[in-house]
Each structure stands twice: as structure tokens, then as C-alpha cells.
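With the sequence up front, the predicted model follows.
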Amino acid sequence: MNLPGIEYLSLGLGIVLFLAGLWGIIHQKNIIKIIISFSVLDTSIHLILVSIGYMRNRTAPIIDSAVSKTDAASQVVDPLPQALVLTAIVIGVGITALMLTYALKLFNEKGTLEIDKFKSLKW
Amino acid sequence: MELATKTGFVLLGLFIILNWGLIMAGIIRKIIARASMRRGISVFQPYINLIKNYSIRSQLTHGVMFYLGPVFRLSGGVGIFLFMPLIHDSEIWSNFSFAGDLILIAYFMFFGMLGMALGAGEGGHPYSAIGISRGLAQFTAIEVPLTLAILSIAFQYNTLSISEIVARQQGGILNWTLFTNPLATIAAMISFLGAMGHAPFNVVMAPQENPIGPPTEYHGTFLGVLQTNRAILHVIESVLFMNLFFGGASNWFELIVKTFFIYFWSVFVGMVFPRFRVDQSIPWLLKIPVLIGILSIVFILL
Amino acid sequence: MVNPVFIIVVLLGAGFLLGLFRKTGISLARVAGLLALAFPLYVSVGWMLHFIGQTAQPYVVYTAGTVPPFSINLRMGPDEAFLTAAINMLGFFGFIYLFRLFKSQGVSTIILYLVLFMGLNVIVMTRDIFNLFVFLEIASIALIGLVLVNKGIDALSAGFKYLIAVSVISSILLVGIGFIYYYSGTLNIDGFIENNSLVMKGLSTAVFLVLVAVVLELKAFPANGWALDVYQSAHPGISALISAGTATASLFVLYKLLPFGGHLWLQVAAVIGLVTFVGSNMLGIAQKNANRLLGYSSVGQIGLLVAVIGFSDDLGSHLRMIFFGLFISHFLSKAGLFWLSGMAGEEEISKWSVLRKKPALLLIFGMFVFSLIGFPPFPSFYGKWQLVMDLSGNGQILWIALILLGTMFEGVYLFRWLGFAIKHEVDESKAPDTAAEKMIPAGAFALLLLGASWVSNAYFPGAMKTSFLPLYFILFLFLIDFLPLVIKNTLSILSLGYYGWRLYPSIQDDTLRLVFAGIFLIGGMLTLFAGYSEKGKRPGFYPFALMMYAGLIGLVEADNLFGFFFAWELMTMGSYILIIRGKKSLVHAYNYMLFSLGGALLILFGIALTVAGQPDISLSMLASPAYPGWAYALLAVGFLTKTAALGLHIWLPGAHAEAESDVSPMVSGILLKAGAFGLVILFLAMGGGEAGRHPLLYALGWLGALTALGGNLMAVFQEDAKRLLAYSSVGNLGYILFAFSFMTHIGWLTGLTYSINHFLFKTLLFLAIGGVVMRVKTHNMYEMGGLIKRMPWSFIAVLVGIITLAGIPPLSGFAGKWLFYNAVIAKGWFLQGALVFFAGTIAFLYCFKLIYSVFLGQEKDRFRKVKEAPVWYIIPQFILIVGIMIFSARPEIVLKPIGALLSQAAFFPSEPLAWENVTAYTNLGYWSGFNIMLVIGAMFVVLLGWLLLMSRKAQKVKQFNIVYAGEAPFTPETTHFSHNMFAPYNKALGFLIHPVATQFWLGVNNTFHALAESARKIYSGNGQSYIIHIVAYIVVVYLILS
């Protein structure tokens, strides 16, 4: 079977999503949509990180009956990227929450969510 | 030489110069009158004027500086005389020329001008200030060809000492600066025209020709002092040019003849030409005469 | 030492605990927060002290009980200790600044604040790259949360843009970190640097992503619009944290991570940093909003620091020193300025004049501004000096040029701002907010800045030490500024005298220095003397006057280039403040400062090209510069800005004319000699003989001649008496330049004679005219007239002054003219010489105009009751007159030793001027000042006696008793011939003084402003464009690198 490995698939998907998210941030005018685009971007990074840590034909880095302590090093994938992703998700949530807070306050101030309307500061 | 003797000779020289200045003024005025088809005044009229002015009793002054103006003026004229060597190779007639050289004389000329300007200024008559402003303005331009000429001959003779310059011109008429450095002479003689106050550079004097203005403010003794100065100054400035360009003088007779002709040059030109306004004379002086002056330096450098 | 991990523990713990206080009251929470912030300050300062003076090993905290790469470790080394100390200092004082704000904001804001500083501390200390990312994010979130304390749409939208931008940047950072781990298998910074190189293509891309993200975090120009908006709209207390705090942490991140990229990335950082420094400062010149301007400045300064890190390899062991100098100045000043901004409460920079109501604030503001530009004694001065020296040692000339250019741009807007604060009109209804909680942080940072200056002086390498004694005295004068004027003035005069007495033994054999020291010190005492006539306390005058004199005397005293430049800048700073004190001096002082700054930067450049990184920086290095042509040219032009050579003169007339009455003589008669002294030092180093034919000198000779002509010609057409004198100074300095560029023995004698004369007569004239102006309250000469009767003493002073100026025998001006002729003929510079003599005769015109229009002619009705100038003005004038008389009669007292000195080996060995008793001889001519004086004096007395005898009955008449064609003149006004006195001259030669230079500089000014105005349009205010900038920036940098 010569299909590309799952890690390449997810890496590719990650990159596509990354670009899509970036495009959304730049292109969308609605602040909520921008925040969603950011979430897409954020998720894409998680995907990329996980795919980086993946090693073919290995199992999840959980030491239980299937994986013994002694063999762990040769049987599981690298656990670190997954740990990183966990942290990144937390941070991502934090940032998204803050963004949404801002969005709410912006809407309260001006009654609109068009980002083009918030250009009072410039030059 | 003792100071007393020296002073005696200096005073004698001053006396001769003053008298020659007065007589020359008379002669010149006579010549001008005749050239203008007039009979003219007596040759001794300047003496008469002088005596009259010194004996006028009513005298008015506008203030201290007004009073000092003529003193400055006469000091200027006498000062130039004092620092000028008159007769070549004669210690008696070299005055106080040991104190300074050509540059001293060139700058001491301003002493009298400045004092007079201030004195007349305090008189408060606007015409005085107009005349002075014209005079100073034109003077800046007159100085330029003269400066170039002085630089030229100073470089030529490698000295700034007037006695030395005279000494270097001895030994025949062809040794005169007039022939060894004709361009410098021409430049300087154009400046001379300006300095002597005849046409075409005498618009400076115009306010004085009116019945009002400085001559009426400065009357009586003051005017006498100024006339004394003018007589001395005309001769002594001619002496300067004689020393620099025309071989100096080895005796009084030579001095009298040469100064007459040098002074007459300005009268002669003045008879022929009309007046420049100041804003015309300045550009004129800064063109051809300056060019001549520069050429004289180039000429010497080559 | 306390384990640094407790910093995290305490801040985080306090943050959590404060959550519990939410109900019980904000007051307690605020105190708790402050205490919590005091703890890390205590810890990091403790570590800093621990590391000072010993080479202790960095302390490493291992977490999770294992060593890296299997755990996260924190390091507390000297760098970390210093930076966390700085950050925690900011945290502590920043908290105080916001103390009142917290009350209205509630506990959550305090928590955010604590979290922010925890984040910043960890960012500095951590050695794990993912941990770094996490805490960058935490700090960002906390910060953006804090931005919300400012209500209103501006702060909100700015915060949102900031948030989006930071998120995108950190996404890129995270991807980069992921790939770094993928390729290298470690997240530990030290481990990575040890074991990896960039040979792998993939790895270099990963490193690229990480580093470019860090650079963008540091607000690389031009992808930094998002940060500017926040700087502008956030509460100033928060902006201070961004500018000083997060930037500090991010800078250290760059420093930690830059080794990933190897040598290539050092260069990239240098380029990016300098582009940011120059670009951001250039755009700043069109900015009028104070906080946004501070933003531009912050971005620029951080760019410079990035560049310094990029120069690591070139700077070697000096890196830390330079970084310290530049960093600490930026850190303290920028935080301080943002705080001041909050206290001023004004957005428009022109309205900062409100600070004047609280002079202490103005003083602090000035300190911060000067320290940002890099004036002594502030640390940035040391840093910039060493940076420039080291760069030139490595041949990085272009970089130096960019650094100086950026500094110039920065000066353009910072000095405009400072000028507004000092001089712009005040809105009476407003006052700065001087609540204690705001004064304390600003004051503390100002003091820290002074402390850092002291540290710089104490710990920078040996040759860069200067005597701080004058500075202490200046500080003392600041402290006693509340005392009456008499005490301060007396102390100042005495101090100058004491300094001269102290200095004399060390320079008594060096006549050149003695002459200039005499001009500076005696001149200083005389001009200060006039100050006794001032009423009130004259606040802020004496420290700066003394600063100028300290600088001037420092020039003479300096035995190395650093000391010279230090003194030069000190003098510039003091004189700028003196000049700006004039009523209408705002714009003139600004011009002065810009030209001075430009000149100083050129001098610095010139010195750098001279020294080129060698350890020896003694003045003798000038004799053999590394790049002789450029070094000499730059130094010469630099000094010429101070002597106001034609083309660089446009600042002078306004600055000198509009200054206060006793300041004008200081800056015109005395200060200008600093430039002359600089030229003396420079020319001496160029050596005699051979150097005399240096093309530069030939050019300078012509420039001097043209300056003499131009300056004098412009003076002729002035109606303002002080402006006339100012233009006359331009002309006279032209003579001096001309004479010095002869590079002959007699030329130098001429130059020095002129310098002494110009000091004597210009100080005299400015004092006299200043005294008159004080009485008549106008500068316009045509409004005066006839004042000789009211002010006879001033008249005498002016008379003596103009006779000296015009060079009329017997006064000493003639000595200069006589030497001049000799020098010109000996040198053979006839054409230039004739030009200068022409200029000399033009001087008569304005001399006459000055004395006639003011003192002679018609007296005006409204001045019939004016009094003589204050006696405190008259006394120094007559001391100067005595000086002129002595110098006129016995010039050999001064000229003989100078001649002897010039003949000494190195300078001009031939001695063409011989003295025989009182007569001077050259091989051209001779002159005897004493005899001339004698002859003229005797003659004058005799003739005066003669006239007195003849006209003893002269009768004094009234003013209008003049012969006026039978009419009485109308009024004095119509009879006083003064206005436009030399109209015909203007008609004839006016075309020569077409204001070419003014138009040129105006053009330069307009061009840069227009450029900045249009270039800053890229900061469109649209959050998405900012993201596009970021993406485009990444792409462009990537393309350039590959």
C-alpha cells in the first residue's frame, strides 16, 4: 500500500487550514468571522504539531497493558508534541475568549462588527 | 633723532602740506571755472574762506559727538600725514612712518570718515545721514580695486613698507609702478577717482551742495577744521598714490608737481563725466576695475 | 539569594489569592499587589548585586526533578538578573502609577497586572522555547486585558488589532517551534545551540519562522501599525509597560534565540533593527500626537537595540556595555515619558507647555528627551559613542551613517516637542496632574537615570571617564534654584573663577588653550555679571548657563576625543536651554538645536572614522585618522555648524537676536568660539607644512571668505539691532575660518587675534545693545535714535566696539587687519583675500547704521525719559573696554607667546613675525600698536584742544534746531533717516543675499515632512492591513534570505 502516510495527510491538511485561516483573517470583514478564522488557524497549528510528533506504526503514548514501561520508547509516538498541543489549545481558548470579549465590547460601543469601521486611529 | 626735533620737522611738513593743499584747491577751482567758461574765484579764496570761518563768532553745537566729529576728521587727515613718508630717502621727512606701513594708512583713512559720520549723525539732519550712507556704500566698492592693486604691488615688491616701495621705484622713470605694473596702477587710479569726490562718483557730496544739510550744520570753526582737513587730505592722499605708483618724490618740488597732476586726474575726469547714482556706481566699480585689479595680480603672479 | 522560582510563585499565588479578595475590598488588594510586586524586585535586585563585581556562575532552576531537555529550566545569570531587576522596577513603580486607577477598575485588573509581570519574568529567565511561547502568550493576554482599562472605542479597537496581530505572530512562532522540535528533538535553547547547525534546509526554515516571529514581536518597521495604535490609545501607564516592559523581555528573547540563526541572522537582525530605527523615526517627524509619537520613538529605539544585538560579533566584549547604555536610557526615559504623558493629560505635543506650571516635571521631561537622543551624561551617550566607535573599527561605515541619521530624525521630533513644552503658549485653564502616585514613579525613574549616568561614567572603560565635578555643581544649582538670584549668580561667577584658578596650572604652557580658556571663563564671568540686573529668581537659568560654560571649558580641558565630545554635547545642551529662554525663541532655538545636533553627529562620525575602534582615543589620534579624507571633512563640517559658516548659518541670527539680553553676548561672543576651537584642534592635528595644501583647507578658505561676505552683507540690511550683530558674528566667524585655513604661522596668529577681538567687541556690543534693548523694549533701530544723551556710557561702549570691529587703528581690530594682509600676501590667496577685505569694508555700513540709528540722529518722544542701561551691564562693558585698550596697545603680550607656541616643532616652525620691543615685523611690513596709540592719542588731544580753543563759545541748541529750508521738521520719526538706510546698496548688491540657504533647508525640511507624511499612510488604521503587513514582511524577509 503506497498511500501517503496519515502524518502527511494531516500535515497537508494543517497547512491548508493554516492558509485558509490566515486568508480569513485578512479577508473577512466581520469581526466574528475573523475570530473564527483565527480559530481555524489555531486548530491548523495543532494539527501540524501532532503530525510532526507522529511516528508511523506506533501507538498512543499511554503506558497501560498494551505498552509496557520498558518498551515504551520504541512503541509509542513522541508524546511531547501532544503535550504541547494540549497547552496550545488552552492558550488558544484563552485568546479566543479575549477576542470575543473585545468583539462584544466593540459591538456595544459602535453597534457594528465591520472591522473597517474601527479605523479612528491611524498614521 | 630727538623727539623735539622730529616734532618740529613734522609740524613744518604739515604746514607745507596744508599750504600747498589750499593753493592747489584754489588753482583747481580756477581751472574748473575757466573750463566752464567762467572767470572763477581768486586762487587765494581757500585762505580767505579759512580765515573767515575760523573767525566767525556765533557757534552752535548739537552735542558731544557733534563736537568731536571734526576732531576725528582732522585727526584722520593729520594722522595719515603723520604715518606717511613724504620724501624718498629722507629721515627728516619720513614723519612717524616707523609706526606702521601701508596697511596702517589704508585703514587709518576710516578713522576720520567714521568720526565725521558720527558727528554729522548727531547733528540730527537727515541729509547728513543720507550723504554718509551713500558715501559708505560707494566706498565699499571703491576699496575693492584699490585693495587688489595694493595686494598686487605688495606682492610685486614683497613689502608693505611705503618707503621700501618708493625705494624700489628709483633709478629711472621706467622703474615706476606705473610701468612695471600698469594694471594695478589703472585699478588704483580708478579708485582714486572715487576717493577724491569728483564726478562721476560725487553723488555722495550732493547733500552738501544744497543750502541745507551738513555744511550749514557744521559752520564757523567746525567748517574751518573740516576745510583744513580737506586741504591736507587731498594732498596727502595724492602723496600716497605718488609713493605707490609714481616713483615717490626725492624733493619737495617733485612732490608738489606730482601731487598736482595726480589730483588733477580726478578733476579732469570729473569735468568730463556726469554723476553716477550710488546704485549705478557700485556695480560699475565692481566690474571692469575689479577685473583690471584681478588681472594685475594674475599678471604679477605670472 | 532567594530562589528565582519564587518570583513566579509569589506573583502567581498573589494573583490567585487576590481573586478571593474580590468582595472584601480593593484597598487591601492594592496593597497586597504592591507587596507582591516588591518581592520579585527584591529578589532580582538581590541577584543583580550578587553578580556585580564577581564572575559567579549563573544559577539554574530545574523543574520536575530532572535536567533538560526532559524538563523546563530557568536561569538567573547576570543578564537575567539585570533585566528582571529592570522589569520588576517598572512593575513596582508602574503599579504605584496606576494605584488610583486600580481602585476604580477592581481586583481583576490587579490580577492581570501581576500575571503580566510574572509572564515577563519567566520570558526572561526560561531556557525552554515552548515555555517561552506559553509565557509570551500569557503576557500578551494579560497586557491586552489591561488595555481595556481605558474605556472608549479607540483603546478597544486598538487592543483588538493588537490581539489579532499578536495572535498571528505567535501562531507563526508556534509553528516554528514545532518544526524546530521536529528537526532537532529538543526544546531546550542551550541544547539546541550546542548540538545543531543550520545545514539542514528544513531546520533553517523552522529557525526562520521562530526568529521572524520574534522580530515581529519587537515591532519591526514597517509591520508595526498594530503596536502604534495601542501606544496611542492605551492608558499611558499601560503604554509605559509595553514600551519598557514587554519590549525588554522580547529583546532578551531575541538575544537568547538569535544564536539559532548563526551569523546570517545576526546580520538580518542588524539590518532589520536599523531599518526600523531609521524608518520609524523618520515617520515620527510628521507626528503630532504625543503618545503615538512616543510609540514611533519606542519602535525606533527598540530597533536600535535589536541592531545592537545583531552587531554582537562586531562588538565583542563591548556588547553588554553598549546595550546597557542604550537600553537603560530607553527603558527609563520611555516609561517616564509615558507617565509624564498621563500627567500632562494632553495629546497634542504643542500643548505640553502645560508642564511649565510644574517646573520639576519640565525638568524631568527635558532629562528624558536628552537621554533618548544620547546627550551626556546619560548612559545612551556612552552607549552610542562606544557603538559607533566599534562599528567603525569593523568598517561598518554605512551602519554608522544609518544610526546617526535615525538619531537625527529622532531629534527632529523630540526637540520640537521639548521646545513646545518649554516655550509654547500655555492654556491657563489646565494644569498637569501631580498626584503623588504619579510623581513618585516619574521622579524615581529620573533619579534612576541619573544613577545610571553615574554608573556609566564609573564603569565604562578608563578613557571614557570625565570629571563629574562640574556636573555635581550644576546639580547643586538645580537644588538651590529656589534661592535669590544674587546668591546663585555670585556662586556661579565664583565657581567659574575657581575653576579657572584650578585649571590654570595645567594649561599655562599651552597658550592656545589658555587663550580659549580665558575667553570662556573670563567671558563667562563678565556676562554672568550682567545677570545681577535681573529681577526675580530667574528659575532654571543658572544650571544651564553653567552647563554651557562647563562644556566650553571641558573642550579646552579635554585630552581625549571622548572628553571633547562629551564637553561639546554638554555645551550644546546648556546653550540650547539658554537660547530658548528668549521670548520669541521657540523656533530659533529649535533651528539651533537641529543644526547643533546634526553637527554633533557629524563630529561623532568624524571621530569614529578617526579612531576606528582603536583603544587609544587621545586627541593626537586626529593626526592619523583611519579614513583621513572623510574624517577631516566630517569634523570640519561639524564644527562649521557651530561657527555658522555660510549655508549652515540660518539658525544663528534668530537664536542670537531673540535670546535674552545677557544671553546674546554669551552665545555670540563666547559660544561661537567653541566651533573655532574645534577647528583649531582639528587643523593642528592635520599638521603644518604639507597639510597647508590639503584641498579641504582650500575649500574651507573659500567658504570662510564667502561667509565673511555673506554675513556682513546680510547684517547691513537688518533693522533689528541684535540681528545685525548676529549676522555680523556670522561674518566675523567667516574671517576666523578663513584665517585658520591658511595653515601658516601668521595666518594662525591672525585667526587667534580675530578670535580674541571678536570675543572682546562682540561681547561688548551685545552687552551694550542688550542694555539698551532692556530700556527701550524694542529691537528695531529705526524706533530708537538720539539715545546718546540718555545712555552716554552705552554709547561709548558701542563706539569702542565698532571701532574695534571695523579694524580702525589704533584699536586692536587693526592688529587683525594688518596680520591679515601679511598672511594673505604670504599665502598668495589674493582673490579670497580681496573678498574678505571687501567684506571688511561692508562692515562699516552696519557699524555706522548701528551706532547712528540707535544713539545719534533724532531722539524719539517716547524715549526721552529712559535711563542709562543697568550698571551691571555697564561694568562688564568697561572691563572689556579696558581689555581692548590693553590688547590694542600691547598686543605682543598675547601674540608673542602664541607665536612662540606655534613655532614649536609640530605646528608652524617658521616664525615670520618678529617682535622688537613693541613693533612687530614681518618680511613684508611692520606695525607698532603702542606707537600708533601714542601718536594718535597725542594728535587727538592736540586737535581737540585746538578746536576747544577756537570754539569755546559754542552754544548748545535744541533737537530740532537744524537748518531745514526754513521749516521745522515734523516729528523725530520722519526726520530720523534710518529705516532701509542702505536701499541703494540693496539695489546694487542685494541679489547676492538671496536666501538660498534658507530655501535649501526649508526644502530639505519640507521634503522629509512630505515623505514622512505620505509614508505613514501605510498605517491605515485597518487591523487587516496590519496583518497583511506582517505576512508581507515575512514573505519579503524570506525571499531576501533565500
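Nice, I can see it.

Could you tell me which residues make contact with the residue nearest to residue C:499 when sequence neighbours are not counted?
What sits nearest to residue C:499 in space, not counting adjacent residues and going by Cβ to Cβ, 6 or more residues apart in numbering or on different chains, is residue C:553, at 6.3 Å. (C-beta placed from N, C-alpha, C; glycine too.) By Cβ atoms under 8 Å, 6 or more residues apart in numbering or on different chains, the contact set of residue C:553 is C:470, C:499, C:503, C:517, C:520-521, C:567.

Now do residue C:553 against residue C:579, distance only.
19 Å (Cβ to Cβ, to the nearest Å).

do the same with residue B:201
For residue B:201, the distance to residue C:579 - Cβ to Cβ - is 44 Å.

got the end-to-end distance for stretch C:475-492?
12 Å (Cα to Cα, to the nearest Å).

Toward the C-terminus, what is the element adjacent to whichever strand or helix holds residue C:408?
According to DSSP states H and E, residue C:408 maps onto helix C:397-423. For helix C:397-423, the succeeding helix or strand toward the C-terminus, using DSSP H and E, is helix C:436-459.

quick check, nearest of the contacts of residue C:553 to residue A:6?
Nearest to residue A:6 among the contacts of residue C:553 is residue C:567, at 72.2 Å by Cβ to Cβ.

Residue C:75 - that's part of a helix, no?
No: going by DSSP: H, G, I helix; E, B strand; the rest coil, the assignment for residue C:75 is strand, not a helix.

quick one: it from residue C:191, how far?
13 Å.

And residue B:250, by the same measure?
In terms of Cβ to Cβ, residue B:250 sits 106 Å off from residue C:191.

Can you give me the neighbour number for the residue in chain A positioned nearest to chain B?
Residue of chain A nearest chain B, by Cβ to the nearest Cβ: residue A:123 (51.9 Å). Residue A:123 has 20 neighbours, counted by other Cβ atoms under 10 Å in any protein chain shown.

Can you classify the residue of chain C found nearest chain A by secondary structure?
For chain C and chain A, the shortest gap (Cβ to the nearest Cβ) falls at residue C:1021, measuring 3.1 Å. When classified by three-state DSSP, residue C:1021 comes out as coil.

Next up, the contacts around it.
Contacts of residue C:1021 (Cβ under 8 Å, 6+ apart): A:118-123, C:225, C:229.

Residue C:829 too?
Residues C:701, C:742 are the ones in contact with residue C:829 under the rule Cβ under 8 Å, 6+ apart.

just the one 10 residues further on next, same as before
With Cβ under 8 Å, 6+ apart as the criterion, the residues that contact residue C:839 are C:705, C:708-709, C:711-713, C:731, C:734-735.

How about residue C:306?
C:215, C:218, C:220, C:251, C:254, C:269, C:272-273, C:276.

okay, among the contacts of residue C:839, which ones form the most distant pair?
Among the contacts of residue C:839, C:713 and C:735 lie farthest apart (Cβ to Cβ), at 13.9 Å.

The two: who's more crowded?
Using other Cβ under 10 Å as the criterion, residue C:713 and residue C:735 rank with residue C:735 on top: 29 against 25.

Please, which helix or strand holds the more buried one?
Secondary structure (DSSP H and E) places residue C:735 in helix C:721-740.

And the next helix or strand past that helix?
helix C:745-776.

burial measure for whichever residue of chain B sits closest to chain C, as a count.
Chain B approaches chain C most closely through residue B:160 (3.1 Å), counting by Cβ to the nearest Cβ. Per other Cβ under 10 Å, the neighbour tally for residue B:160 reads 26.

Show me what the helix or strand bottoming out on mean pLDDT in chain C is packed against.
One helix or strand of chain C scores below all others by mean pLDDT, DSSP states H and E: helix C:189-195, with a mean of 82. Here helix C:189-195 touches helix C:153-184, going by 3 or more Cβ pairs under 8 Å, 6 or more residues apart in numbering or on different chains; DSSP states H and E.

quick one: the closest residue to residue A:123 other than its chain neighbours and residue C:1032, what's the gap?
In space, residue A:123 comes closest to residue C:1016 once its chain neighbours are excluded; the distance is 4.7 Å by Cβ to Cβ, 6+ apart. Noted for residue C:1016: a distance of 17 Å to residue C:1032, by Cβ to Cβ.

These two: who's more crowded?
Legend: neighbour count by other Cβ under 10 Å for residue C:1016 and residue C:1032, higher for residue C:1016 (24 against 13).

Touching, the more buried one and residue C:224? I think so.
No: taking contacts as Cβ atoms under 8 Å, residue C:1016 lies outside contact range of residue C:224: 11.3 Å.

any idea which element the most centrally placed residue in chain A lies in?
Chain A has residue A:43 as the residue nearest its centroid, 1.9 Å off, counting by Cα atoms, centre = their mean. Under the criterion of DSSP H and E, residue A:43 resides in helix A:31-53.

Same question for residue C:837.
helix C:830-855.

and the angle from that helix to helix C:721-740?
Counting by axes from the mean of the first three to the mean of the last three Cα atoms, to 10 degrees, helix C:830-855 lies at 160 degrees to helix C:721-740.

Am I right that residue B:135 is in contact with residue B:112?
No: with contacts counted by Cβ under 8 Å, residue B:135 stays clear of residue B:112, the gap being 11.9 Å.

what touches both of these two?
Counting by Cβ under 8 Å, 6+ apart, nothing touches both residue B:135 and residue B:112.

Next, count neighbours for residue C:559.
13.

hang on, isn't it packed against residue C:620?
No: counting by Cβ under 8 Å, residue C:559 sits too far from residue C:620 to count as a contact (9.3 Å).

what residues are shared contacts of the two?
The overlap between the contact sets of residue C:559 and residue C:620 (Cβ under 8 Å, 6+ apart) is empty.

before we move on, back to that, in contact with the residue of chain B closest to chain C, which residues?
Counted by Cβ under 8 Å, 6+ apart, residue B:160 has contacts B:101-103, B:154, C:821-822, C:825, C:924-925.

Which of those residues fall in strands?
Among these, DSSP state E puts none in strands.

Of those, keep whichever come out buried.
Those of these that meet the buried threshold are B:101-103, B:154, C:821-822, C:825, C:924-925, by 16 or more other Cβ atoms under 10 Å in any protein chain shown.

one step back: residue B:250 and residue C:191: which is more packed in?
More neighbours surround residue C:191 than the other of residue B:250 and residue C:191, with 17 against 14 (other Cβ under 10 Å).

wait, isn't that one in contact with residue C:68?
Yes: with contact defined as Cβ under 8 Å, residue C:191 counts as touching residue C:68 (6.0 Å).

So residue A:25 versus residue A:47, what's the distance?
Residue A:25 is 17 Å from residue A:47, where distance means Cβ to Cβ.

Tell me which of these two has more neighbours.
residue A:25 (27 against 21).

element containing that one, please.
With DSSP H and E as criterion, residue A:25 is part of helix A:6-27.

contacting residues around that helix?
Contacts for helix A:6-27 (Cβ under 8 Å, 6+ apart): A:33-34, A:36-48, A:50-52, A:54, A:56, C:164, C:168, C:171, C:175, C:1024, C:1027-1028, C:1031.
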